[in-house]
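Novice: This is a predicted model, with the sequence first.
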Amino acid sequence: MRAAATRAEVVDQLVEVGRLAVERGLVLASGGNLSARLPGGTEFVVTAAGTWLDRLTPADFSVVTVDGEVTAGAERPSSEWKLHQRTYRARPDVNAVVHLHPQHAVLVDALGHRIRLITLDHAVYVRSVGTVPYHPNGSDELADGAAEQARQHDCIVLSHHGCSALGPDVGMAFRRALNLEEAATATYRALLLGDTSCTFPPEALGGLRHDPPQPGNRPRGAPVDWKLEVVVVPVTDVDRAKAFYGDRLGFPVDTDHRAGDSFRVVQVTPPGSACSIVFGQGLPQGAPGSMKGTQFVVADIRAAAEQLERAGIDSSGVVHFEDGRMAPGPDPQDADFASFVFFDDPDGNTWSVQQGRRATG
């Protein structure tokens with residue numbers, strides 16, 4: 001699909017995508033919703049409430065401003081209109097959002113596995129996958145969580161619900177949705193075969209051709225988003241570290257890649273985190289054990305301490321600040337950012353765990 005130049009062209013493209021999405025089993029009945037920014041950038045069209053994506057007509061779309069006001073078309077937009085509106089506000093370069101309910105993507109995420117990019121198409125079009133914890137459909141929490149993930153990812157899994165795929169036009173957004181589900185299906189099949197590490201070669205990612213940047217869509221003088229992608233943990237024994245972070249802590253292993261005898265990279269991602277942990281051989285890193293105080297945030301500090309105990313990992317137990325010193329037990333008021341657990345990995349790298357319910361959504 002070429003980029004649409006008029007409202008009529010935008011709607012025609014969304015109608016076609018709706019038909020194809022149902023035909024390919026990516027959504028059923030009145031599930032899912034589609035949108036595209038209109039020329040000028042201040043309004044977008046979105047499917048109306050109760051519409052079936054394979055039966056769309058031009059009358060089945062509402063026109064909504066990026067500030068959330070319905071200005072034309074169907075009176076009642078989709079209950080998920082906020083999901084689209086807040087993504088457009090967070091990403092000026094995005095001109096289309098495809099929200100579907102792909103079964104493999106939802107299942108792999110619900111089982112606690114990270115969707116792996118295995119083929120060249122997965123790496124080029126999906127690039128990375130964000131996740132949002134479950135929130136009710138149509139809620140502010142879901143819309144805000146998706147918009148935050150959209151700052152870093154073009155494909156976002158909404159846990160136990162569906163996905164959002166973003167693009168500079170309708171065609172690219174749908175292509176990403178297709179490749180996300182294909183990547184999830186490949187991940188599911190790999191898991192059935194007992195494989196937990198197969199992925200696209202990490203060292204080849206930097207040479208791939210992605211969409212060119214579109215600086216014209218960013219307001220002049222707007223700050224650049226700086227997204228923390230990985231934390232490199234210096235370790236002595238890669239297998240021992242993999243067993244600690246993957247098996248004992250239970251962090252899903254995204255990749256374990258070797259290139260010759262002198263290079264190996266292992267990546268794990270803590271559940272719910274947009275930032276991954278990397279360790280290995282031949283990586284730029286400090287002395288093993290030199291990382292101190294890097295911090296996790298959890299919603300329940302007691303549950304985190306119990307998980308460490310069950311894994312046989314020594315920790316400080318739950319502590320809190322009192323009169324400028326650490327005291328045993330959680331904060332008496334159970335306030336956010338006031339209770340901690342500290343633990344070390346086998347190399348002596350120190351982690352801090354802090355309770356912060358507001359930060360974890």
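Specialist: Arrived safely, thanks for sending.

Novice: CA atoms for contacts and neighbours, from now on please.
Specialist: OK.

Novice: for the stretch 101-250 of the chain, which spans come out with low pLDDT?
Specialist: 209-225 (pLDDT under 70).

Novice: cool, and the stretch 251-361 of the chain?
Specialist: If you take pLDDT under 70 as the line, the stretch 251-361 of the chain has these spans: 357-361.

Novice: Please, where are all the strands along the stretch 151-300 of the chain?
Specialist: Using DSSP state E, counting those that start in this stretch, the strands found in the stretch 151-300 of the chain span residues 155-158, 162-167, 230-232, 253-258, 264-268, 276-281, 292-298.

Novice: Next, format these as JSON lines and append mean neighbour count and distance to residue 73.
Specialist: Output for those, formatted as JSON lines (neighbours: other CA atoms under 10 Å; distance: least, CA to CA, whole Å):
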{"stretch": "strand 155-158", "mean neighbour count": "28", "distance to residue 73": "28"}
{"stretch": "strand 162-167", "mean neighbour count": "27", "distance to residue 73": "23"}
{"stretch": "strand 230-232", "mean neighbour count": "15", "distance to residue 73": "44"}
{"stretch": "strand 253-258", "mean neighbour count": "20", "distance to residue 73": "44"}
{"stretch": "strand 264-268", "mean neighbour count": "20", "distance to residue 73": "46"}
{"stretch": "strand 276-281", "mean neighbour count": "21", "distance to residue 73": "43"}
{"stretch": "strand 292-298", "mean neighbour count": "16", "distance to residue 73": "43"}
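
Novice: among these, which is nearest residue 180?
Specialist: Closest approach to residue 180 among the strands of the stretch 151-300 of the chain (CA to CA): strand 155-158, 7.1 Å.

Novice: For the longest helix along the chain, which outside residues touch it?
Specialist: Ranked by residue count under DSSP state H, the longest helix found in the chain is helix 170-192. The contact list for helix 170-192 (CA atoms under 8 Å, 6 or more residues apart in numbering) reads 1-3, 10, 13-14, 17, 36, 95-98, 100, 102-105, 108, 115-119, 121-122, 125-126, 154-155, 163-167, 196, 198.

Novice: That one: which residues count as buried?
Specialist: 170-188, 190 (16 or more other CA atoms under 10 Å).

Novice: Also compute the angle for that helix relative to strand 162-167, please.
Specialist: In terms of direction (axes from the mean of the first three to the mean of the last three CA atoms, to 10 degrees), helix 170-192 departs from strand 162-167 by 130 degrees.

Novice: surely residue 33 meets residue 53?
Specialist: Yes: counting by CA atoms under 8 Å, residue 33 does reach residue 53; the two are 7.3 Å apart.

Novice: List the ones among the contacts of helix 170-192 that fall in strands.
Specialist: 36, 96, 97, 98, 100, 155, 163, 164, 165, 166, 167 (DSSP state E).

Novice: Now distance to residue 144 too, for those, in CSV please.
Specialist: Formatted as CSV, the ones in strands among the contacts of helix 170-192 follow (distance: CA to CA, whole Å):
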residue, distance to residue 144
36, 19
96, 17
97, 15
98, 16
100, 18
155, 15
163, 14
164, 13
165, 15
166, 15
167, 18
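
Novice: Now do the same for the residue positioned nearest the centre of the chain: helix, strand or coil?
Specialist: Residue closest to the average C-alpha location in the chain (CA atoms, centre = their mean): residue 130, at 0.8 Å. Secondary structure, DSSP: H, G, I helix; E, B strand; the rest coil: residue 130 is strand.

Novice: Once you drop chain neighbours, what's closest to it?
Specialist: residue 156 (4.4 Å; CA to CA, 6 or more residues apart in numbering).

Novice: what are the C-alpha coordinates of stretch 69-83, in PDB please?
Specialist: The C-alpha coordinates for stretch 69-83 follow below in PDB (Å, rounded to 0.1, in the frame of the first residue of the first chain):
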ATOM      1  CA  GLU A  69     -12.500  15.200  20.500                       C
ATOM      2  CA  VAL A  70     -14.900  13.500  18.000                       C
ATOM      3  CA  THR A  71     -15.400  16.000  15.200                       C
ATOM      4  CA  ALA A  72     -17.000  14.000  12.400                       C
ATOM      5  CA  GLY A  73     -18.100  10.500  11.200                       C
ATOM      6  CA  ALA A  74     -19.600   7.900  13.500                       C
ATOM      7  CA  GLU A  75     -20.700   9.400  16.800                       C
ATOM      8  CA  ARG A  76     -19.300   6.600  19.000                       C
ATOM      9  CA  PRO A  77     -15.700   5.700  18.200                       C
ATOM     10  CA  SER A  78     -14.200   2.300  19.300                       C
ATOM     11  CA  SER A  79     -14.000   1.800  23.100                       C
ATOM     12  CA  GLU A  80     -10.200   1.600  22.400                       C
ATOM     13  CA  TRP A  81      -9.900   5.100  20.900                       C
ATOM     14  CA  LYS A  82      -7.600   6.200  23.700                       C
ATOM     15  CA  LEU A  83      -5.200   3.500  22.800                       C
END
